[in-house]
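Asks: Generate a structure from the sequence data that follows.
(one chain, ligands or ions: 1)
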Amino acid sequence: MLEKNKNHLIDITGMTHEGQGVGRIEGFAVFVDGALEGERVEIKIVKVNKNFGFGKLVNIIKPSGNRIEPFCEAFKHCGGCSLQHLDYQGQLDYKDRLVKDNLKRIGKLENVIVHNTIGMKEPLNYRNKAQFPVASEDGTVITGFYARRTHDVIDSAECGIQDKSSDRIRKIIRGFIEEKNISVYDEKTGKGLLRHIMTRVGFRTGEVMVVIVINGSGLPFHNELVTRLIAGAPEVKSIFLNINTGDTNVILGNKNVKVYGNDTITDYIGKYKFHISPLSFFQVNPVQTEVLYTKALEYADLTGNETVFDLYCGIGTISLFMSQKARKVYGVEVVEDAVRDARRNAEINGVGNIEFVAGEAEKIIPGMYERGIRADVVVVDPPRKGCDETLLGTLTDMQPDRIVYVSCNPATLARDLNYLEKHSYKTVEVQPVDMFPWTMHVECVIMMTYCGLKGK
Ligand code: SAH
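Replies: A predicted model of the protein is given here:
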């Protein structure tokens, strides 16, 4: 039996999908934050459950050859990155193993080709969207991030995965709030004006949008803040106040008031242009998104005659990529605003062979299939919970030649591949892509082909 507060020496033999090290004590699995596979460590047991426990890292007896000093001083507390103590190659290897392990354990896929995770050449400052909470600590204004598993704000001046302009911008805003004595929001009491600072950057255009989230209808002296922002950060092309008076931990409210510049900023993925407004969804790592979608297009293997379904299409990014080589693309997405953005994106890119449909894929696709609309190639890019079984059932009835599965969760991916494998599809290749360096997240793109008798 494990006992709380007891110290042990253990070997870390694996890592969880959350980036914790795992070792064993008398058959019990013990999870240790901050420990790496291959290490021998001293831990103190801090929590014991029926079949497993949690240990606190006390001392590293034998470090992993991939252990590095985290570049961010906030690493220990921050809820953002969890693998900064592992060098970049180590992270990519970890992601390879995570994907293979899920495919084998959950998907029962033994002999599938899993390529090495495609990493970034420069895995820093890769995010184009930052959302910094603002709070007050002993009378001083702080901005930074939420501590791991809580909503306590921890002060930090720099974030190494965000675009650099975001730190410069929040410094200006923070100085302004201090000087003007503007109150900051307190989640516990629901009082105070300034809640969050959001910045969005168009990586290719260099344009920046600033969104200041407030618990009220206006920001005192906002014209002065605008002047300071455009003087201190000339890349700022658009400034909004976002009104969020709700007693909620949702960051953005529904109402935006423009106080400077353009309604949108622009960015590109591949040759396609996107207008980004304060609330619109856009992939946060545009460099790797292009890598991912190029792979998805390659796996779709289009000749120009195909009908393609892009399911869970968001603002139509994959649909646009597919449209260049397909006869016709249907994009299906449940969020109506995203569908509106998708239609506009097709229009500003002069693309006429895509039709977007609003609704749940598992409801829309059976209906379309019944009306005789079928696809030669289907792309799915579902949220973390994966695809609904009704949808997978319709796809296997419809028998497209290829299914390209884009996934942000290897566990639900493996579950869905298992289903498709049981219904005449074969997983040909799996390509993991690192969209989120220093975190435990991994994105995958998979090619499956139909290998049954058509019409059966
Ligand atoms: N392919 C897009 C978005 C992927 S995120 C891109 O790469 O940008 C997953 C998307 O699925 C989200 O936009 C979400 O709103 C949508 N979604 C979630 N459940 C859905 C469902 N049941 N049917 C259709 N779309 C859904």
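
Asks: State the mean pLDDT of the helix or strand encompassing residue 298.
Replies: In this assignment (DSSP states H and E), residue 298 forms part of helix 286-300. For helix 286-300, the per-residue pLDDT values average out at 97.

Asks: Might you report the residue contacts of the closest residue to residue 64 other than its chain neighbours?
Replies: What sits nearest to residue 64 in space, not counting adjacent residues and going by Cβ to Cβ, 6 or more residues apart in numbering, is residue 36, at 4.1 Å. Glycine gets a C-beta too; all of them are placed from N, C-alpha and C. When contacts are counted by Cβ atoms under 8 Å, 6 or more residues apart in numbering, residue 36 touches 12, 15, 21, 63, 64, 66, 67, 85, 86, 90.

Asks: Show me what the closest residue to residue 211 other than its chain neighbours bridges to in the sheet.
Replies: Counting by Cβ to Cβ, 6+ apart, the nearest residue to residue 211 once its immediate chain neighbours are dropped is residue 198, at 4.1 Å. Beta-bridge pairing of residue 198, defined through DSSP bridges, involves residue 131, residue 211.

Asks: mind checking pLDDT for residue 198?
Replies: Model confidence at residue 198, expressed as pLDDT, equals 98.

Asks: Identify the residues contacting it.
Replies: Contacts for residue 198 (Cβ under 8 Å, 6+ apart) come out as 129, 130, 131, 132, 210, 211, 212, 213, 242, 251, 252, 278.

Asks: Could I get the phi/psi values of the last one?
Replies: Put plainly, it is residue 278. Reported as degrees, to the nearest 10, the phi and psi values for residue 278 are phi -50, psi -40.

Asks: Follow the chain on from the longest strand along the chain and name the next helix or strand.
Replies: Looking across the chain with DSSP state E, the single longest strand is strand 52-62. Beyond strand 52-62 on the C-terminal side, the first helix or strand identified by DSSP H and E is helix 88-105.

Asks: mind listing what the helix or strand that comes right after that following helix pairs with, with the direction of each?
Replies: Secondary structure here is assigned by DSSP H and E; on that basis, the next helix or strand after helix 88-105 toward the C-terminus is strand 113-114. With DSSP bridges as the criterion, the sheet partners recorded for strand 113-114 are strand 425-433 (parallel).

Asks: Serialize the contacts of residue 198 to a markdown table and add fields for neighbour count and pLDDT.
Replies: Formatted as a markdown table, the entries for these read as follows, by neighbours: other Cβ atoms under 10 Å; pLDDT from 0 to 100:
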| residue | neighbour count | pLDDT |
| --- | --- | --- |
| 129 | 19 | 97 |
| 130 | 22 | 96 |
| 131 | 18 | 96 |
| 132 | 25 | 96 |
| 210 | 29 | 98 |
| 211 | 22 | 98 |
| 212 | 25 | 98 |
| 213 | 25 | 98 |
| 242 | 20 | 98 |
| 251 | 14 | 95 |
| 252 | 17 | 96 |
| 278 | 21 | 92 |
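
Asks: all strands for the stretch 201-350 of the chain, in order.
Replies: According to DSSP state E, counting those that start in this stretch, the stretch 201-350 of the chain carries its strands in the segments 208-214, 236-243, 255-261, 265-269, 272-276, 307-311, 328-333.

Asks: most neighbours per residue, which of the ones you listed?
Replies: Highest mean neighbour count among those (mean count of other Cβ atoms under 10 Å): strand 307-311, with a mean of 27.

Asks: so what does that strand touch, helix or strand wise?
Replies: Packing contacts for strand 307-311, counted by 3 or more Cβ pairs under 8 Å, 6 or more residues apart in numbering; DSSP states H and E, involve helix 317-323, strand 328-333, helix 361-370, strand 377-380.

Asks: Just list what the shortest one packs against, helices and strands only.
Replies: Spelled out, it's strand 377-380. Contacts of strand 377-380 with other secondary structure elements, assessed using 3+ Cβ pairs under 8 Å, 6+ apart, are made with helix 286-300, strand 307-311, helix 317-323, helix 389-398, strand 402-407.

Asks: Of all the residues in the first one, which ones are buried?
Replies: With burial defined by 16 or more other Cβ atoms under 10 Å, the residues of helix 286-300 counted as buried are 286-293, 295-297, 299-300.

Asks: Same question for the fourth one.
Replies: Under the neighbour-count criterion of 16+ other Cβ under 10 Å, helix 389-398 has 391, 392, 394, 395, 396, 398 buried.

Asks: TSV for those, including distance to residue 2 and pLDDT?
Replies: Shown next, in TSV, are the buried residues of helix 389-398 (distance: Cβ to Cβ, whole Å; pLDDT from 0 to 100):
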residue	distance to residue 2	pLDDT
391	43	98
392	41	98
394	48	98
395	46	98
396	45	97
398	51	97
